[in-house]
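**Student:** Need coordinates for the following:
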Amino acid sequence: MMCKVLVFGCIAAVILMTAAYGAPLLTELLPAQKEELLKASIMDLAQLKNFKNNFLDFYTPNDKQECNQTTLECYLRELEVLKQDVGEEDQTHIINIKKNLDYFKVGNSSDPTCKTCESNEKKKFPEFCQELKSFLQFM
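**Tutor:** All right, here's what the predicted structure looks like:
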């Protein structure tokens, strides 16, 4: 009995430390899992199609091949900006997209040969949304 308590205590400690330090519980996603996350993100993005915004511009990267991680980071930052200006229901979709795409981030993604997010062209939401969808399909 005491052994079971010790084992479960150790497992609980590992889970708590993992959560506290942000270490992922899964080391690598399977291709099918990655595809499901991307499909879910595209479906959540489609739910935002009715969002009307004529005053915000979003930095919209268009370099999908060489600068995958930088492009992903830029989209994640712009989604955070968008989250501040949408209703609660739409925020849920944005949170889901961000959560799904966080699995694709790889450590420090700053590549000196890639453009910074701020050097990308600013576009209105419909174009931003279309470019993001295209990027997710590419991934």
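
**Student:** Identify the residues contacting residue 42.
**Tutor:** Taking C-beta atoms under 8 Å, 6 or more residues apart in numbering, we find residue 42 in contact with 133, 136, 137. In this view, the C-beta of every residue, glycine as well, is placed from N, C-alpha and C.

**Student:** among those, who's most crowded?
**Tutor:** In terms of neighbours by other C-beta atoms under 10 Å, the contacts of residue 42 top out with residue 136 at 21 neighbours.

**Student:** Which helix or which strand is home to it?
**Tutor:** helix 125-138 (DSSP states H and E).

**Student:** how many other residues sit next to the residue nearest to residue 82 when sequence neighbours are not counted?
**Tutor:** Sequence neighbours aside, residue 94 is the residue nearest to residue 82 in space, at 6.1 Å (criterion: C-beta to C-beta, 6 or more residues apart in numbering). By the criterion of other C-beta under 10 Å, residue 94 has 21 neighbours.
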